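Asks: Provide a 3D model corresponding to the input given below.
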Amino acid sequence: MSAGFRILARARKVSEQDVKNFAAIPVANISDSMARMSAGGARLRPLHRGGKLAGAAITVKSRPGDNLMVHKALDLAEPGDIVVVDAGGDLSNAIIGELMVAHAIRRGLGGIVINGAVRDLDAIQAGSFPVFAAGVTHRGPYKDGPGEINVPIAIDGMVIAPGDLVVGDNDGLLCVAYEDIATVYAAAKAKNDAEADQMAAIQAGSNDRGWVDAALKRLGCAQPAQAEPRHG
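Replies: Residues are numbered from 1 along each chain as shown. Below is the predicted model:
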């Protein structure tokens, strides 16, 4: 088995309950709970009609412009899985299109992420099946390999290992490492609950804004003195 052209078994994956838990939390709140240090890059955008992407990753590293191993990954993936493809970010050739999306839907997958281009945009945009990609082109792919399945990949510095949790919404894409699931979920849920309370306070007109002036004072920002009220 040679590095660069191989298919490996996935040793572990996040649970269905983990996926369900994280699907209920905005990606921004998950990101804040990870010290804002993980992101799939601003180029990866949702192209489908709408809806959350969440599931366990089956990873693919493909040669730019080639989708042979992506086809194989679609056949290997389990229901609910997210096929995450690092195609080098190249936008010259589409890695997937309408037919591959239809195959993924038929197999019950949870979504597809392409660090590269897709085509058949009208069909993808008309559907609710989650598809994230870096761009669009009409030029089709090659099917010669090489490539690897179920190896660690990196997209814009964000490492994704097979079985990690991948979540995405209109703010972008994020990976939560398998071993960090419990810790990140506890922090993200607390963040989400706190924001819900803050929104309720904003709506009620009781939101405390004192932290702004406290932060400015702590940071040494000069502010004009408050004018004394005038007396007639």
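
Asks: Buried residues, stretch 9-21. List them.
Replies: Residues of stretch 9-21 classed as buried by neighbour count (16 or more other Cβ atoms under 10 Å): 10, 13-14, 18-19, 21. C-beta here means a position set from N, CA and C on the backbone, and glycine is covered the same way.

Asks: Who are the contact partners of the residue nearest to the spatial centre of the chain?
Replies: What sits nearest the mean C-alpha location of the chain, by Cα atoms, centre = their mean, is residue 173, with 1.9 Å. Counting by Cβ atoms under 8 Å, 6 or more residues apart in numbering, residue 173 touches 27, 39-41, 44, 53, 113, 132, 155, 158, 166-167.

Asks: Now render those as CSV, adding secondary structure, neighbour count and distance to residue 140.
Replies: Below are the contacts of residue 173 laid out as CSV (DSSP: H, G, I helix; E, B strand; the rest coil; neighbours: other Cβ atoms under 10 Å; distance: Cβ to Cβ, whole Å):
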residue, secondary structure, neighbour count, distance to residue 140
27, helix, 22, 31
39, coil, 19, 30
40, coil, 25, 25
41, coil, 15, 24
44, coil, 23, 21
53, strand, 23, 24
113, strand, 28, 19
132, strand, 26, 20
155, strand, 24, 23
158, strand, 18, 28
166, strand, 30, 26
167, strand, 25, 30
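
Asks: between these, which is nearest residue 68?
Replies: Closest to residue 68 out of these is residue 113 (17.8 Å), distances taken as Cβ to Cβ.

Asks: doesn't residue 187 make contact with residue 33?
Replies: Yes - counting by Cβ atoms under 8 Å, residue 33 does reach residue 187; the two are 3.8 Å apart.

Asks: Would you mind telling me which of these two has the busier surroundings?
Replies: Counted by other Cβ atoms under 10 Å, residue 33 and residue 187 do not tie: residue 33 has more neighbours, with 20 against 17.
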